[in-house]
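# Let me see the structure of the following:
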Amino acid sequence: MERTYTLYVPSSYVENKSYPLIIILHGGGGTGEGMIKLTNNGFNTLAEKEGFIIAYPDGIENHWNDGRGLTQYRAHRENIDDVGFISDLIDHLDKALNIDGTRVYATGISNGGMMAQRLACEMTDKIAAIGVISSAMSENLSLACSPTRPISVLIIAGTDDPLIPYEGGEIGFGDQERGTVLSILQTVGFWVSNNDCSSTPVMRWEKDTDPRDGTKVRREIYSECEDGTEVIVYVVEGGGHTWSGGMQYLPIRIIGRTSKDIDANMILWDFFKSRVIHRSIGMVVL
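You can find the predicted model right below:
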């Protein structure tokens, strides 16, 4: 099966230096190229400044097989091996470019965020950390997920998300059934338990830099985790099914509000850049 992706390599790239790789996964119905627009070209700009490589892969018929076991999408119905695709993509890029295999990260929105979590469940030998935007863990995946090691996880979620409900339950959008998800609190709890973190987070409110956007952001850090991992959550009060700091890709009445108080691109990179797989003893260090 032929698979496609969009690649960004910074202009400073040289062959004798290894570079981090970020895999950015689109939401259901989206494309890899569309993610560049959704993030306001923010990740490409960061890659140029900070020196990392980005791959924006495309799901089969615009969807990822994230483990929900649906029937209406080909990726689910035919049980497309998207974990294998991402694994092969990493290997392919490692041969074509000088990739630092200990610094490969995955992030995504919605269906892409669920897929990033599936990678964390099944591919912890290649993924150093994940970021989950406007997404929760599906109930099906939570029953099957068994990571081989602790893995750092960042979650950004809106309390008023009309598609992936903050409190969990049926995924909303039209009349079709799209599976059920854990609540954001349960999703966080899964990763906190997997990493054996302290159950009491350190909390703070982010600065409300744009009072007109109708959102406020609370950060929660779960630390004291095994192997130096962390679970960090940004709760966007009043936020919708959106990429914070990105474009309002559909009207508020359909997807909710986009917070302008934080920049998800910068938050993700700051979270990723210090996470490394220490292959000799199977741990992640900061």
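
# Show me where the protein has its strands.
Assigned by DSSP state E, the chain shows strands spanning 5-8, 19-25, 53-57, 99-109, 129-133, 152-158, 169-170, 180-181, 202-205, 216-222, 231-237, 276-278, 283-285.

# Tell me which of these is the most buried.
Neighbour counts (mean count of other C-beta atoms under 10 Å) averaged over each of these peak at strand 129-133, with a mean of 29. Glycine gets a C-beta too; all of them are placed from N, C-alpha and C.

# what's next to it, contact-wise?
105-110, 112-113, 116-117, 119-120, 151-157, 187, 243-244, 264, 268, 271-272, 275, 284 (C-beta atoms under 8 Å, 6 or more residues apart in numbering).

# Name whatever forms a beta bridge with the residue most central in space within the chain.
The centre of the chain sits closest to residue 107, judged by C-alpha atoms, centre = their mean, with a distance of 2.6 Å. Beta-bridge pairing for residue 107 (DSSP bridges): residue 24, residue 131.

# for the stretch 101-250 of the chain, what are the low-confidence residue spans?
173-175 (pLDDT under 70).

# go with 80
Across the stretch 101-250 of the chain, the ranges flagged by pLDDT under 80 are 172-177.

# Tell me who's in contact with the residue nearest to the centre of the chain.
Contacts of residue 107 (C-beta under 8 Å, 6+ apart): 22-25, 113, 116, 130-133, 154, 268, 272.

# tell me what the longest helix anywhere in the chain is packed against?
Ranked by residue count and defined by DSSP state H, the top helix of the chain is helix 82-96. Applying 3 or more C-beta pairs under 8 Å, 6 or more residues apart in numbering; DSSP states H and E, one finds that helix 82-96 contacts strand 19-25, strand 53-57, strand 99-109, helix 111-122.

# So for residue 219, which of these sits nearest?
Ranking these by their distance to residue 219 (criterion: C-beta to C-beta) puts strand 99-109 first, at 17.1 Å.

# how far off helix 82-96 does the closest one point, in degrees?
Relative orientation of strand 99-109 versus helix 82-96 (axes from the mean of the first three to the mean of the last three C-alpha atoms, to 10 degrees): 140 degrees.

# so how far is strand 99-109 off the chain centroid?
Remark: strand 99-109 is offset 10 Å from the chain centroid, using C-alpha atoms, centre = their mean, to the nearest Å.

# Not counting its neighbours along the chain, what's nearest residue 184?
The shortest distance from residue 184 to any non-neighbouring residue, by C-beta to C-beta, 6 or more residues apart in numbering, is to residue 157 (4.6 Å).

# Quickly note the distance from residue 83 to residue 160.
32 Å (C-beta to C-beta, to the nearest Å).

# Just want to check the distance between the residue nearest to the centre of the chain and residue 91.
Taking C-beta to C-beta, one finds residue 107 at 20 Å from residue 91.

# Residue 4 too?
16 Å.

# do residue 184 as well
Taken as C-beta to C-beta, the span from residue 184 to residue 91 is 33 Å.

# So for the two, which sits in the more crowded spot?
Neighbour comparison, residue 184 and residue 91: the larger count goes to residue 184, with 25 against 13 (by other C-beta atoms under 10 Å).

# if I read this right, that one contacts residue 235, doesn't it?
Yes - between residue 184 and residue 235 there is a contact under C-beta atoms under 8 Å: 7.4 Å.

# list the residues that contact both of these two?
residue 157.

# Residue 104 touches residue 89, doesn't it?
No - Residue 104 is beyond contact range of residue 89, at 10.2 Å (criterion: C-beta under 8 Å).

# what sits in contact with each of the two?
Going by C-beta under 8 Å, 6+ apart, residues that sit against residue 104 and also against residue 89 are residue 23.

# show me the contacts for residue 13.
So residue 13 contacts 19, 53, 97 (C-beta under 8 Å, 6+ apart).

# which residues does the second one bridge with?
Counting by DSSP bridges, residue 53 is bridged to residue 21.

# contacting residues around it?
Residue 53 makes contacts with 7-10, 13, 19-22, 47, 93, 97, 99, as judged by C-beta under 8 Å, 6+ apart.

# Which one of these is nearest to residue 34?
The closest of those to residue 34 turns out to be residue 8 (C-beta to C-beta; 14.1 Å).

# Retrieve the pLDDT associated with the closest one.
Per-residue pLDDT puts residue 8 at 98.

# Not counting sequence-adjacent ones, nearest residue to it?
residue 54 (4.3 Å).

# same check, this time on residue 265
Leaving aside its chain neighbours, residue 265 sits nearest to residue 42 (3.6 Å; criterion: C-beta to C-beta, 6+ apart).
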